[in-house]
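Engineer: Next come a sequence and a model predicted from it.
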Amino acid sequence: MSRRRQIYEGKAKILYEGPEPGTLIQYFKDDATAFNAQKKGTINGKGVLNNRISEHIFTLLGQIGVPHHFIRRLNMREQLIRQVEIIPVEVVVRNVAAGTLSKRLGIEEGEQLPRTIIEYFYKDDALGDPMITDEHIAAFGWASQDEMHDIADMAIRVNDFMCGLFAAVGIRLVDFKLEFGRIWDNDYSRVILADEISPDGCRLWDMKSNEKLDKDRFRRDLGGEMEAYQEVARRLGLMPEGEGHAVLDMDAHRKKRGR
Ligand code: 5GP
């Protein structure tokens, strides 16, 4: 048997060649990094939960007409996706002040923003993902004006939908990061939502207690990150109720048994 070909390994995911041309397999790792990989660790079961949470959100977004790369989940840690040409721009949508916005502008974390703000960051680890504007994106040709128009449009639709989805289960969607990719049909291309949507790239606060249910628990050494991710999955109806909240992860199970 030949080993499948690895296309890319990122901080939290691995991409393998898919079964058909134009497809890839996205594998979710338990590895967690923060502050441009200066802080490294693992969150047990994170990959399994993110795979499931991302599947859920992408499926719902597809149902409201947001085009995306997700095809189907294959197993606990893998999903089949469409291969895209990743646009090297991280799109951050903010509803509430937090993180780098609070630091940059001196606005207290938790302050509701007067309107939703979209920010762009250049996807480049060596540079630490610097903040950029439409001007840089146009000048350096990272995306066209039309593509940026579609991206901003989709980001707002995703935000509106996700604010409602999380509010319904008592979670405030503070901010999140999206990535987009280009797919080609002969000479024409269009932009679709790519990557993942999970507590790794969202700030999710419990509406009553303001407790953080996302990767900030890891970034800020708060502990309980696995429980927080499980709580998000549970509230979205993705965890079996009343089974001690065990994440059945055969990979981890086999490793534990030394196989
Ligand atoms: P900030 O700019 O405040 O650090 O992040 C804003 C939002 O985007 C947060 O929800 C954060 O999780 C997400 N985000 C920004 N950059 C990255 C990144 O490189 N990786 C991940 N997973 N999330 C990011």
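Structural biologist: Alright, I've got the coordinates. Residues are numbered from 1 along each chain as shown.
Engineer: Run a quick neighbour tally on Pro114.
Structural biologist: 6 (other Cβ atoms under 10 Å). No exception for glycine: its C-beta is placed from N, CA and C like everyone else's.
Engineer: Report the separation between it and the ligand.
Structural biologist: Distance from Pro114 to the ligand, counting by Cβ to the nearest ligand atom, to the nearest Å: 18 Å.
Engineer: same deal with Asn51?
Structural biologist: Taking Cβ to the nearest ligand atom as the measure, Asn51 falls 15 Å from the ligand.
Engineer: Show the contacting residues for that residue.
Structural biologist: Going by Cβ atoms under 8 Å, 6 or more residues apart in numbering, Asn51 touches Phe28, Arg73, Met76, Arg77, Glu78, Gln79.
Engineer: Reformat these into TSV and put neighbour count, pLDDT and distance to the ligand next to each item.
Structural biologist: TSV is the format used below for these (neighbours: other Cβ atoms under 10 Å; pLDDT from 0 to 100; distance: Cβ to the nearest ligand atom, whole Å):
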residue	neighbour count	pLDDT	distance to the ligand
Phe28	24	98	12
Arg73	18	98	20
Met76	18	98	20
Arg77	23	98	17
Glu78	17	98	19
Gln79	23	98	17
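Engineer: Show me what from the stretch 51-200 of the chain comes close to the ligand.
Structural biologist: For the stretch 51-200 of the chain, the residues in contact with the ligand under the definition Cβ under 6 Å from any ligand atom are Glu90, Val92, Ala98, Gly99, Thr100, Leu101, Asp129, Asp175, Phe176, Lys177, Asp200.
Engineer: Phi and psi next, for Val78.
Structural biologist: In this structure residue 78 is Glu, not Val. Glu78 has phi and psi values of phi -130, psi 150 when expressed as degrees, to the nearest 10.
Engineer: these two touch, right, Asp30 and Lys40?
Structural biologist: No. Applying Cβ atoms under 8 Å as the test, Asp30 and Lys40 come out as separate, 11.6 Å apart.
Engineer: ok, so of the residues of the stretch 51-200 of the chain next to the ligand, who is nearest Phe166?
Structural biologist: Checking those against Phe166 with Cβ to Cβ, the nearest one is Phe176 at 10.0 Å.
Engineer: In contact with the closest residue to the closest one other than its chain neighbours, which residues are there?
Structural biologist: Leaving aside its sequence neighbours, Phe176 sits nearest to Cys202 (Cβ to Cβ, 6 or more residues apart in numbering; 3.9 Å). By Cβ under 8 Å, 6+ apart, Cys202 lies in contact with Met162, Leu173, Val174, Asp175, Phe176, Lys177, Asp214.
Engineer: so where do the helices sit in the stretch 1-150 of the chain?
Structural biologist: 46-63, 99-105, 134-139, 145-167 (DSSP state H, counting those that start in this stretch).
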